[in-house]
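>>> need coordinates for the below:
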Amino acid sequence: REKIRRTLNELSSAIDAVDMKLFPPGPHAVWMEYSMRLRNDLIILGDADDTEDRRLAMDAARQTLDLLHDRLNFRAGDAAAAPAPPAFRNALAPVIDAYLAAHSALASDDLAAAQSAATALADMWSAVPSDSPNDSERNRWESLRAIGVTAIDACKDAKDIEEYRKQFKDISDALIEALRRFGMPDGIALHVTHCPMAFDNTGADWLQRDTAVLNPYFGSAMLNCGESTGTLTPPAAQAPASSHEVHEHGEGTAHE
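Residues are numbered from 1 along each chain as shown. Just a heads-up that it's a prediction; the model follows:
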């Protein structure tokens, strides 16, 4: 038990030792949020009294670390990953269009328009082929497709806009991972945008065309709460050395 505590203290010290001056504004905010959550996870892990509690605490810490990797737009091996074939990437364009229609409707607090967009999104999402570069990537797309289909179906049946917004987060997470993993359709660029206050301050991401923040999770209540944390562009528009670099934009605010 004491050895575990020492190891956890070393991890916490390593987190504290990160030079915050290395981060530009967007990633700086991401690091501040998720490093705090990771410290809390490590404290809970250190205080866990039995095997099951330790397992749950470890799972929570691992999930926080995975989210941190995703929010900083980096995961080991991603930089060398080849984009999917153009036919697959470009099949995601109609998905993006329907997704952006849903985003716009949520930002406008329009449940009827959002549910109409969900119907189109369901059709477009299911129509994407699975001809990704290899079997492991194909399997991952099928997993992401299943996550999206489940959330989209729940959106279509949502009785109120808050229920829809919860499902929209799952759609957003799945689509962001798909676009990062397989590459953007030709001729489309999107901004990954983050609101740290969404869902009881756990935070949530979404995609939009412009840097001016339009928050789909709060709508008119806090329309401009959030910030752009990265840009997704087609493979041809990415320099090989910086294909997963986070590009910063000055629009938007982290708090309302």
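>>> now do the contacts for the most centrally placed residue in the chain.
Centroid check for the chain by CA atoms, centre = their mean gives residue 173 as the closest residue, at 4.1 Å. Neighbour list for residue 173: 147, 205 [criterion: CB atoms under 8 Å, 6 or more residues apart in numbering]. Quick note: C-beta positions are derived from backbone N, CA and C, even for glycine.
>>> any idea which helix or strand carries it?
Per DSSP states H and E, residue 173 falls inside helix 161-182.
>>> now the angle from the helix or strand just after that helix to helix 161-182?
Downstream of helix 161-182, the next assigned helix or strand under DSSP H and E is strand 190-195. Interaxial angle, strand 190-195 versus helix 161-182 (axes from the mean of the first three to the mean of the last three CA atoms, to 10 degrees): 130 degrees.
>>> what packs against strand 190-195?
In terms of contacts (3 or more CB pairs under 8 Å, 6 or more residues apart in numbering; DSSP states H and E), strand 190-195 is packed against helix 25-47, strand 204-208, strand 227-232.
>>> which one of these lies closest to residue 87?
strand 227-232 (18.7 Å; CB to CB).
>>> packing partners for the closest one?
Here strand 227-232 touches helix 25-47, helix 161-182, strand 190-195, going by 3+ CB pairs under 8 Å, 6+ apart.
>>> return the alpha-carbon coordinates of the longest one using PDB.
Taking Å, rounded to 0.1, in the frame of the first residue of the first chain, the C-alpha atoms of helix 25-47 are listed here in PDB:
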ATOM      1  CA  PRO A  25      -3.900  29.500 -24.500                       C
ATOM      2  CA  GLY A  26      -6.200  26.700 -25.700                       C
ATOM      3  CA  PRO A  27      -4.100  23.700 -24.700                       C
ATOM      4  CA  HIS A  28      -3.200  25.600 -21.500                       C
ATOM      5  CA  ALA A  29      -6.800  25.600 -20.500                       C
ATOM      6  CA  VAL A  30      -7.200  21.900 -21.500                       C
ATOM      7  CA  TRP A  31      -4.100  20.900 -19.400                       C
ATOM      8  CA  MET A  32      -5.400  23.000 -16.400                       C
ATOM      9  CA  GLU A  33      -8.800  21.200 -16.500                       C
ATOM     10  CA  TYR A  34      -7.700  17.700 -17.000                       C
ATOM     11  CA  SER A  35      -4.500  17.700 -14.900                       C
ATOM     12  CA  MET A  36      -6.700  18.800 -11.900                       C
ATOM     13  CA  ARG A  37      -9.100  16.000 -12.700                       C
ATOM     14  CA  LEU A  38      -6.200  13.500 -12.900                       C
ATOM     15  CA  ARG A  39      -4.800  14.700  -9.600                       C
ATOM     16  CA  ASN A  40      -8.200  14.100  -8.000                       C
ATOM     17  CA  ASP A  41      -8.300  10.600  -9.500                       C
ATOM     18  CA  LEU A  42      -4.900   9.800  -8.100                       C
ATOM     19  CA  ILE A  43      -6.000  11.000  -4.600                       C
ATOM     20  CA  ILE A  44      -9.100   8.800  -4.800                       C
ATOM     21  CA  LEU A  45      -6.900   5.900  -6.000                       C
ATOM     22  CA  GLY A  46      -4.500   6.400  -3.100                       C
ATOM     23  CA  ASP A  47      -7.400   6.300  -0.600                       C
END
